[in-house]
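Student: let's see this in three dimensions:
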Amino acid sequence: MFTTTGITDSTESLICQRCPYLEGSSPQDVLRELEHVKLENEQLRRVFEIAVEAFKERDEKIKQLEAENNTLRSKIQDLHQKPFVISKRKKEKQVDNESSLSSSRPRGAPQGHKGGTREKPDRVDEYIDVFPERCDCGSRDLSECEKVDEHTIEEIEIRKARVICYRRHYRYCKRCKKIVSARVPSDIPKGYFGPAAMAVAQYLRYQAKLPFDKVSKIFKDLFGMEITQQALVGFDKKTAHQAEPLYKMLEEKARWSKSINADETGWKVASDNAWLWCFVNNQIVLYKIDRSRGSAVVEEVLGKNYPGV
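Tutor: Numbers count the residues shown, from 1 in each chain. Reported below is the predicted structural model:
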């Protein structure tokens, strides 16, 4: 016993709830979902605006840092080149010296020039008295005289090598409750030879340009010290390790130099082919041994953005 109106309202309500265009959802649910999407979209838009502002600030900061970096690079370059810059007065003096040398004048000391002699040493370490035993005539009947002549010479002292044994003593610390030992002087290397022997060997090798076998012979003949060629090679490795900071400093000087010349020549490393690179200008000479002859070595030493010529 339903009225027409009641049947119509119920039918329309059922149709709206099951509308195929809403995939079975009610209009109220669709509206609520729409509102949620709008709110979420608004939040995302705000986040995007904040991100855009952050990127702008970052770009400005990068530009500022790049400008500061360029300024610091210029200052570093000036500092590295400053020790090698010849002052104007020094340049003028060099020009005057060159012009005076090139002028035509007779060779030799000028007239009236007082010759120079070797100055006597400022100290005498030992006096040796020499007395005559007989006269030129053969007589040994000689009496004392007050006359004494002095003749001073400088002589080197060649001594046999000393063998030194450092005996490290141990003590018990009452405060820390542990046993401690003395430290060997820092200039004593961990090996069988002292720093003086190593320094002399390196001087003979690289200043006097003597081969390893000649250096070994000098130590044996003069000091009675047996040093094999393998030990001398070990000296090289220790010296190279200690000189590594100096080598890094030369590399840094080369990177900031105004100009530099580079060349390479063949080299052997354990019978394998390699190349000895030389980077040189008026201030530094830098050597590098590498198995490559390509431009990668130049970029490694001078950097990819070398500021000089």
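
Student: just the helices from this structure, written as ranges.
Tutor: For the chain, the helices defined by DSSP state H cover 4-17, 27-81, 88-102, 195-206, 212-223, 229-242, 244-255, 295-302.

Student: Val285 touches Cys278, doesn't it?
Tutor: Yes. With contact defined as Cβ atoms under 8 Å, Val285 counts as touching Cys278 (7.0 Å). C-betas here are computed from N, CA, C, even on glycine.

Student: these two: who's more crowded?
Tutor: Using other Cβ atoms under 10 Å, the more surrounded residue of Val285 and Cys278 is Cys278, with 13 against 10.

Student: state the pLDDT value of the more buried one.
Tutor: On pLDDT, Cys278 comes in at 96.

Student: cool, Thr228 as well?
Tutor: Thr228 carries a pLDDT value of 92.

Student: tell me which residues touch it, please.
Tutor: By Cβ atoms under 8 Å, 6 or more residues apart in numbering, the contact set of Thr228 is Ser216.

Student: and it, how far is that from Val52?
Tutor: Taking Cβ to Cβ, to the nearest Å as the criterion, Thr228 is separated from Val52 by 73 Å.

Student: now swap in Gly308 and tell me
Tutor: 42 Å.

Student: which one of these two has more residues nearby?
Tutor: The neighbour comparison of Gly308 against Val52 (other Cβ under 10 Å) goes to Gly308, with 14 against 10.

Student: for the more buried one, give me its contacts.
Tutor: For Gly308, the contacting residues are Trp256, Ser257, Lys258, Ser259, Ile260, by Cβ under 8 Å, 6+ apart.

Student: the same query, at a cut-off of 10 Å, please.
Tutor: Listed by Cβ atoms under 10 Å, 6 or more residues apart in numbering, the contact partners of Gly308 are Gln77, Gln81, Ala254, Arg255, Trp256, Ser257, Lys258, Ser259, Ile260, Asn281, Leu302.

Student: lowest-confidence member of those residues, which is it?
Tutor: Gln81 (73).

Student: number of nearby residues for that one?
Tutor: Gln81: 15 neighbours (other Cβ under 10 Å).

Student: and the gap between it and Lys253?
Tutor: Distance, Gln81 to Lys253, using Cβ to Cβ: 9 Å.

Student: and Ile179, how many neighbours?
Tutor: When neighbours are counted by other Cβ under 10 Å, Ile179 comes out with 9.
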